[in-house]
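# Test case, fold it:
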Amino acid sequence: MCYYGNAKRRKELRTGWTKANWYHVVITSYQLAVQDAFAFKRKKWYYLILDEAQNIKNFQSQRWQTLINFNTQRRLLLTGTPLQNNLMELWSLLHFLMPYIFKSRKEFSYWFSNPMNNIIEGTANQNADVIKRLHGIIRPFVLRRLKKEVETQMPGKYEHIVKCQLSRRQMTLYEEFLSRSSTRQALKKGGNFMGMMNVLMQLRKVCNHPDLFEPRSVVTPFVLPSISITIPRCISEIQQEDDFVESISASLAKPLWCGSSSKPSVEAALRHDQTESNGLSSFCAARKPRERIEFKDDENCPTELQSLIENIYKAREEEQVSRTDFQNVINRRRCKASVFPYSSQLLTMLEVECNVFGRVEPAEVRNKRVVETPAKLLELRKSEIDRASDMEQTIEKFVFRVPPAGGRSPNFDNGMPETEGQSGISKDVERMLLEPVEEILEPYRKARARLSSFFPDKKLVQYDAGKLQALSSLLRKLKDGGHKCLIFTQMGKVLDVLEAFLSMNGHTYLRLDGSTGIDKRQRLMDRFNNDAKVFCFILSTRSGGTGINLTGADTVIFLR
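Residues are numbered from 1 along each chain as shown. Here you go, the predicted model:
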């Protein structure tokens, strides 16, 4: 029986716990065994078998103290790690197996601790008598076998060490951290141990991935509050007059055109029809031949002076010719200006009431000419959505400069309290006009968002770390060769980086960490072993130390 689940489920599994024909074997985890120790202690067990026995190497831990009090006749420890160098950890395992033989921790320490510790630390030569004595004591209780001695059909193992260079960002962060005064102070001779370990841990973060040390932040501008602009009351009252508003609205509804004048104006646009164009053409006179400036030689004048004067006359002539040609070109362009296609006479004949918004308009809007252009003419131009769609790639590639500061629209204050109907537009009309404006500006929202906030490129997850650059080419070769791989890492946060990296490169993967539940762990392992589509399994060394069986992989990668 697999003993796991929530408290209610585990209570149901313990039903009939004391019956003789109950299950022969119960499989559970260290966590649940300690959590439900009150139930395990009440039953007499024949065998207690602990896999991954290094979890009870500390006799002062609650786990060791709890499991040793279980009512068992025999105990067996399974571990894949070598015997501990620390003799107290070794005594914890031996005392757990045979508490009546290895009773005294002090006596065990007296026999072996001092000479063995000296041998391990390298301060003394190996003492053959001490080692022989220790082997003679533990040999009846320890059976050591290599996996290749048990599984004779296992293929050979090959180890490859791939050295990776730091990326430019990693080198910058590495050197910057070492140059800090706090780092130099911690590495000085006589510094405390915890300070040095903290420095080493920070450097390991930089070497694994720079986002663990200093993640790339989202760039946003500093938004300033809106300013208040005071407008004189007389100017504000002018805008209330109907005639003024009518003239402004009519002007904004027509495009500006230069015509024959030097500056664009609405009047010139409406006046520049075919009749005016023919009249302007009559002012364009034929080009007259230029008169050449002649220079007469003087025999009394020196040759060098005559040459200088001649060059001055030629330069003056060329300047006059160039200025005359330039003015002639401008004159011809003004006199032969193209006819404005929609003159005032043509617009008068083609004026059509067109509801651009496609909504039920209030009476105050219907009585005014909001748009005086036929719908067919409006369809000839590109819509805002089409323009934004054409510029989408350009916006994504080149709109990346976020301004350092920004602000909201200013507030206008005319010194009068705001009352309903004072602006001349009701709330319904204002709402009706804002909705189509929002629809028109919707395609440009993405460009505005990129100008207000900048997110780091997802590809930087790979190119910011030298390990991931080497891992990218390695995984591509393994995938092409039909392999399945495991990726181990010591830092749990590296798993988050690996998830983003594998998703970006299109690799299927499963994740297992220390927080994964027992039932989910088994489902993940079964899926990886049986599903050929899953290429990679990422897990931390902590999760791997609690028992895994991932025989479906033939390649193991350690990120050190």
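# list the contacts for the residue nearest to Tyr509 when sequence neighbours are not counted?
The spatially closest residue to Tyr509, leaving aside those adjacent along the chain, is Cys536, at 4.2 Å (CB to CB, 6 or more residues apart in numbering). Just so you know, the C-beta spots here come from the backbone N, C-alpha and C atoms, and that holds for glycine as well. Shown in contact with Cys536 (CB atoms under 8 Å, 6 or more residues apart in numbering): Leu475, Lys484, Cys485, Leu486, Ile487, Leu502, His507, Thr508, Tyr509, Leu510.
# Tell me how far the last one lies from Asp531.
When you say that, I think you mean Leu510. The spacing between Leu510 and Asp531, counted by CB to CB, to the nearest Å, is 9 Å.
# of the two, who's got more company?
Leu510 (17 against 13; other CB atoms under 10 Å).
# where does that one fall, helix, sheet strand or coil?
In three-state terms, and counting by DSSP: H, G, I helix; E, B strand; the rest coil, Leu510 is strand.
# I'd like to know which elements the longest helix anywhere in the chain is packed against.
Taking DSSP state H as the criterion, the chain has its longest helix at helix 303-335. Where contact means 3 or more CB pairs under 8 Å, 6 or more residues apart in numbering; DSSP states H and E, helix 303-335 is packed against helix 274-282.
# switch the cut-off to 7 Å
Helix 303-335 sits against no helix or strand, with contacts defined as 3 or more CB pairs under 7 Å, 6 or more residues apart in numbering; DSSP states H and E.
# avg pLDDT for that helix?
If you average the pLDDT over helix 303-335, you get 79.
# Need the distance between the two termini of stretch 549-560.
In terms of CA to CA, to the nearest Å, the two terminal residues of stretch 549-560 are separated by 22 Å.
# mean confidence for that stretch?
Here the average pLDDT along stretch 549-560 is 85.
# Could you list which of the contacts of Cys536 belong to strands?
Secondary structure from DSSP state E places Cys485, Leu486, Ile487, Tyr509, Leu510 of those in strands.
# can you redo the residues you listed as TSV with pLDDT and distance to Leu433?
Formatted as TSV, those follow (pLDDT from 0 to 100; distance: CB to CB, whole Å):
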residue	pLDDT	distance to Leu433
Cys485	93	61
Leu486	91	62
Ile487	92	58
Tyr509	93	52
Leu510	91	54
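# now, among those, which is nearest to Asp428?
Tyr509 (55.6 Å; CB to CB).
# Isn't that closest one up against Leu502?
Yes: between Tyr509 and Leu502 there is a contact under CB atoms under 7 Å: 4.7 Å.
# Please state the offset of stretch 518-534 from the chain centre?
29 Å (CA atoms, centre = their mean, to the nearest Å).
# What are the contacting residues of it?
For stretch 518-534, contacts defined as CB atoms under 7 Å, 6 or more residues apart in numbering pick out Tyr4, Ser29, Thr508, Leu510, Leu512, Phe537, Ile548, Asn549, Leu550, Thr551, Gly552.
# hmm, which of those are the buried ones?
The neighbour-count test (16 or more other CB atoms under 10 Å) marks Tyr4, Ser29, Leu510, Leu512, Phe537, Ile548, Leu550, Gly552 as buried among these.
# need those in a markdown table with distance to Tyr46 and secondary structure, can you?
Converted to a markdown table, those look like this (distance: CB to CB, whole Å; DSSP: H, G, I helix; E, B strand; the rest coil):
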| residue | distance to Tyr46 | secondary structure |
| --- | --- | --- |
| Tyr4 | 22 | coil |
| Ser29 | 20 | coil |
| Leu510 | 37 | strand |
| Leu512 | 33 | strand |
| Phe537 | 36 | strand |
| Ile548 | 27 | coil |
| Leu550 | 31 | coil |
| Gly552 | 34 | coil |
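# Tabulate those residues (TSV), appending distance to Glu175.
Formatted as TSV, these follow (distance: CB to CB, whole Å):
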residue	distance to Glu175
Tyr4	49
Ser29	45
Leu510	37
Leu512	35
Phe537	35
Ile548	39
Leu550	39
Gly552	42
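# out of the residues you listed, who's nearest Ser452?
Closest approach to Ser452 among the buried ones among the contacts of stretch 518-534 (CB to CB): Leu510, at 37.8 Å.
# For the closest one, name its beta-bridge partners.
Beta-bridge pairing of Leu510 under DSSP bridges involves Phe537.
# oh, and call the first residue 772 from now on, that's how I've got it
In the new numbering, first residue 772, that becomes Leu1281.
# Assess the claim that it and Phe1306 are in contact.
No: checked against CB under 7 Å, the pair Leu1281 and Phe1306 is beyond contact range at 9.6 Å.
# quick one: low-confidence ranges for this structure?
Within the chain, the stretches with pLDDT under 70 are 852-858, 876-903, 905-906, 960-962, 1002-1043, 1054-1070, 1104-1151, 1185-1198, 1200-1201, 1315-1318.
# Please repeat the previous calculation with a cut-off of 50.
Low-confidence regions of the chain, defined by pLDDT under 50, span residues 887, 890-897, 1009-1010, 1012-1028, 1127-1128, 1192-1193.
# what are the ranges of the strands in it?
Using DSSP E, strands in the chain cover 816-821, 843-848, 993-995, 999-1001, 1176-1178, 1182-1184, 1256-1260, 1280-1283, 1307-1311, 1326-1330.
# Please work out which of the ones you listed is packed deepest.
strand 1307-1311 (a mean of 24; mean count of other CB atoms under 10 Å).
# Using PDB, list the CA coordinates for it.
Taking Å, rounded to 0.1, in the frame of the first residue of the first chain, the C-alpha atoms of strand 1307-1311 are listed here in PDB:
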ATOM      1  CA  CYS A1307      14.000  16.700 -20.900                       C
ATOM      2  CA  PHE A1308      13.500  16.500 -17.200                       C
ATOM      3  CA  ILE A1309      14.800  19.300 -15.000                       C
ATOM      4  CA  LEU A1310      15.200  18.800 -11.300                       C
ATOM      5  CA  SER A1311      17.200  20.100  -8.300                       C
END
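# so what are the domain limits for the chain?
815-915, 939-986+1230-1330, 988-1055+1107-1185+1198-1226 (automatic domain parsing).
# how long is the first one end to end?
Translated: domain 815-915. By CA to CA, the extent of domain 815-915 from end to end equals 29 Å.
# likewise the longest one?
Taking CA to CA, the first and last residues of domain 988-1055+1107-1185+1198-1226 lie 8 Å apart.
# Good, wrapping up.
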